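*Asks:* I would like to see how this sequence folds:
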Amino acid sequence: MNKYERQSRFPADQQTLPDDIAEELSHLPSEVIELSEAPSIAPPVALNHDEVRTIVISLMLTMFLAALDQTIVATALPTIGRQFHDVTNLSWVITAYLLASTAVAPVFGTLSDIYGRRVMIITSLSLFVVGSVLCAIAPDMTTLILARGLQGLGGGGIMPVVQTVISDVVTPRERGRYQAYFSSVWMAGGILGPVVGGVFAEHLHWSMIFWINLPLAAAALALLLPKMSRIPVFHRKREVDWLGGILLMASAVVFMLVLTWGGTRFSWLSPTITAMFGASIALAGAFVWHARRADEPFLPLSLLGGSVVPFAMGAGGCALGAMVGLTVHLPLYYEVVYHLSASEAGLALIPLAAISTCGAAIAGRTMAKAKHYKRVAIVGTSVAAVGAVVMAVTTLPLWGLLVVMSVFALGLGTTFPVSVVSLQNSVARAQVGTVTGAMNFFRALMASFTVAAFAAILLMTLGPDISLAGEHHAAGAGVVSAIPIADMITAFRYVFGAAAVLLTTASICMITMEERPLAGPATRPAVEMAE
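*Replies:* As a prediction, this is how the structure comes out:
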């Protein structure tokens, strides 16, 4: 008998497999997909350095658009209010964008896993550009608010789709460095936004803050689209669970309205806020109930479990929440305690925003070289928590506060690339867009919640008659200046303490998160970090 002949005297259909082999085969995936949806047998041709660089530059320009429009409108609001003779509804110019961009983040992430990155990046940029044009030509406040909502739909899709495209073209080990680049772009947009908006409103016309988006979007598409055909394809077409998406968005919008109106337009215990909060919980419960029963839910709940995803989301959400919450409320502290002008208080925020990008860059480079890459984020968040405690328990001169704030920001920034890359590295390639959209959604909610929580702390400590969140209008200037310095220092002790709790939570999440090996080549051979 040679090796090609049957070596058993029993027919094949009467033989049974050994138990261990049968058990292994039973766990193999048995999903049947259409031939047109099957991935290519041949592996995609690797992108060269120039192609990756062109794609990254175009994506950075795209993200700069979204970052710029979150803050560029703020300094132009008084001019807009005077032109339309409507100051009452001015806050909705920002709120409409915030609500729309937060609600659609998971939608664009999931749809990019179904229809592909190219379609969704074009869709998000198109909505953003159309919304910008409508904002620029708006004849009244109502039209401007609606157009800002449309612009927010596009802006909310940019962030998750950009991060997903990066995951398609750069290996997880190299990805942390690129995430640091995008963090710096996001911070630059946030810092430049108020400056550019103020210049346009004062020296040109406020509509220029929207017209400027057109050439920037055109340049981004001109760079990106010719290279999109070279990006590997990982999406899988399937039925879209629109009901699940609508329930998730509705729950988010109502919850964001609670955070926006609570303590300002309505008291936290008012019937309106209580009813809205109950409606948000009911919608979220309906989404969970539907997701457990749907064959292919909009956002699979199993994707949010495990030993990586929830902890990565928690760490990133707490870090971003602390950063945004302090950025919004610190100008009040600077003005009262250190007697800085509004513009000087804005400049004093630069260390918090700019140096956090240095922390992100350090973490990104560490991920490309070190085996135990999450240690840099554990150390960073721990240092940031200690820095927040120092600010809470001591009264520092301005230079001392800025030094401690810089150390705080450096440690905080290490969280972002580690959490994003770890999260994307832990799921199947066809689900990266979905989990990235969910991450951005959770971060936005956490940032809004922290801003509201810090405001509530200040209002409970200082009283309900002060202006918060940069709303230092002329009418309220006397009230702000009348706040005793000692009272303001005491109030911010609780704020800094809350920031310390958030960063401690982020550190615990990083410690608990499973550290899975990162795929892809490193710039140098991976080494152990010092114990």
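
*Asks:* which stretches of the protein have low pLDDT?
*Replies:* 1-49, 75, 87, 201, 229-238, 342-343, 463-482, 519-531 (pLDDT under 70).

*Asks:* can you pull out the strands in it?
*Replies:* Assigned by DSSP state E, the chain shows no strands.

*Asks:* Name the residue closest to the centre of it, please.
*Replies:* By Cα atoms, centre = their mean, the chain has its centre lying nearest to N440, at 3.7 Å.

*Asks:* Confirm for me that that residue is in contact with A105.
*Replies:* Yes: shown here, N440 and A105 form a contact pair, counting by Cβ atoms under 8 Å, at 4.2 Å. C-betas here are computed from N, CA, C, even on glycine.

*Asks:* Against M460, how distant is the residue nearest to the centre of the chain?
*Replies:* 31 Å (Cβ to Cβ, to the nearest Å).

*Asks:* got the domain boundaries for this structure?
*Replies:* When the chain is parsed with automatic domain parsing, its domains come out as 47-223, 241-297, 300-518.

*Asks:* Could you give me the buried positions within stretch 174-182?
*Replies:* E174, R175, G176, R177, Y178, Q179, A180, Y181, F182 (16 or more other Cβ atoms under 10 Å).

*Asks:* between those residues, which is closest to V393?
*Replies:* A180 (31.5 Å; Cβ to Cβ).

*Asks:* For the residue lying closest to the closest one once chain neighbours are set aside, give me its contacts.
*Replies:* Excluding the flanking residues, the one nearest A180 by Cβ to Cβ, 6 or more residues apart in numbering is G364, at 3.6 Å. Residues near G364 by Cβ atoms under 8 Å, 6 or more residues apart in numbering: G176, R177, Y178, Q179, A180, Y181, P417.

*Asks:* Dump the residues you listed to TSV, plus distance to L247.
*Replies:* As requested, those are exported to TSV (distance: Cβ to Cβ, whole Å):
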residue	distance to L247
G176	34
R177	37
Y178	34
Q179	31
A180	35
Y181	35
P417	32
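
*Asks:* From these, which land in helices?
*Replies:* G176, R177, Y178, Q179, A180, Y181, P417 (DSSP state H).

*Asks:* Looking at these, spot the one nearest S132.
*Replies:* Among the ones in helices among the contacts of G364, and counting by Cβ to Cβ, the member closest to S132 is Y181, at 24.6 Å.

*Asks:* how near is the closest residue to the closest one other than its chain neighbours to A353?
*Replies:* Spatial nearest neighbour of Y181, excluding adjacent residues (Cβ to Cβ, 6+ apart): M60 at 6.5 Å. Shown here: M60 relative to A353, a distance of 17 Å by Cβ to Cβ.

*Asks:* what do you get for D487?
*Replies:* 27 Å.

*Asks:* the more surrounded of those two?
*Replies:* Set D487 next to A353 and count neighbours by other Cβ atoms under 10 Å: A353 wins out with 18 against 13.

*Asks:* what's near enough to touch that one?
*Replies:* By Cβ under 8 Å, 6+ apart, the contact set of A353 is M187, G190, I191, M323, T327, A409.

*Asks:* Could you do Y334 as well?
*Replies:* L340, E344, A345, A348, L398.

*Asks:* so what's the first one closest to, chain neighbours aside?
*Replies:* In space, L340 comes closest to Y334 once its chain neighbours are excluded; the distance is 4.5 Å by Cβ to Cβ, 6+ apart.

*Asks:* just the last one next, same as before
*Replies:* The spatially closest residue to L398, leaving aside those adjacent along the chain, is Y338, at 4.9 Å (Cβ to Cβ, 6+ apart).

*Asks:* Likewise for the fourth one?
*Replies:* If you skip the residues right next to it in sequence, A348 has Y334 as its closest partner in space, 5.2 Å away by Cβ to Cβ, 6+ apart.

*Asks:* go on, the second one?
*Replies:* Taking Cβ to Cβ, 6+ apart as the measure, E344 lies nearest to Y334, with 7.3 Å between them; neighbours along the chain are not counted.

*Asks:* And the one you found, how far from L410?
*Replies:* 20 Å.

*Asks:* what does L402 give?
*Replies:* Distance, L402 to L410, using Cβ to Cβ: 13 Å.

*Asks:* who has more neighbours, these two?
*Replies:* L410 (21 against 16).

*Asks:* wouldn't the more buried one be in contact with C358 here?
*Replies:* Yes: the pair L410 / C358 is scored as a contact, 5.9 Å apart, by Cβ under 8 Å.

*Asks:* residue ranges for the helices of the stretch 301-450 of the chain, please.
*Replies:* Ranges of helices in the stretch 301-450 of the chain, per DSSP state H, counting those that start in this stretch, are 309-337, 342-348, 350-369, 375-393, 398-413, 415-425, 432-462.

*Asks:* the inter-axis angle of the third one versus helix 309-337?
*Replies:* Okay, so that is helix 350-369. Compare the direction of helix 350-369 with that of helix 309-337 by axes from the mean of the first three to the mean of the last three Cα atoms, to 10 degrees and you get 160 degrees.
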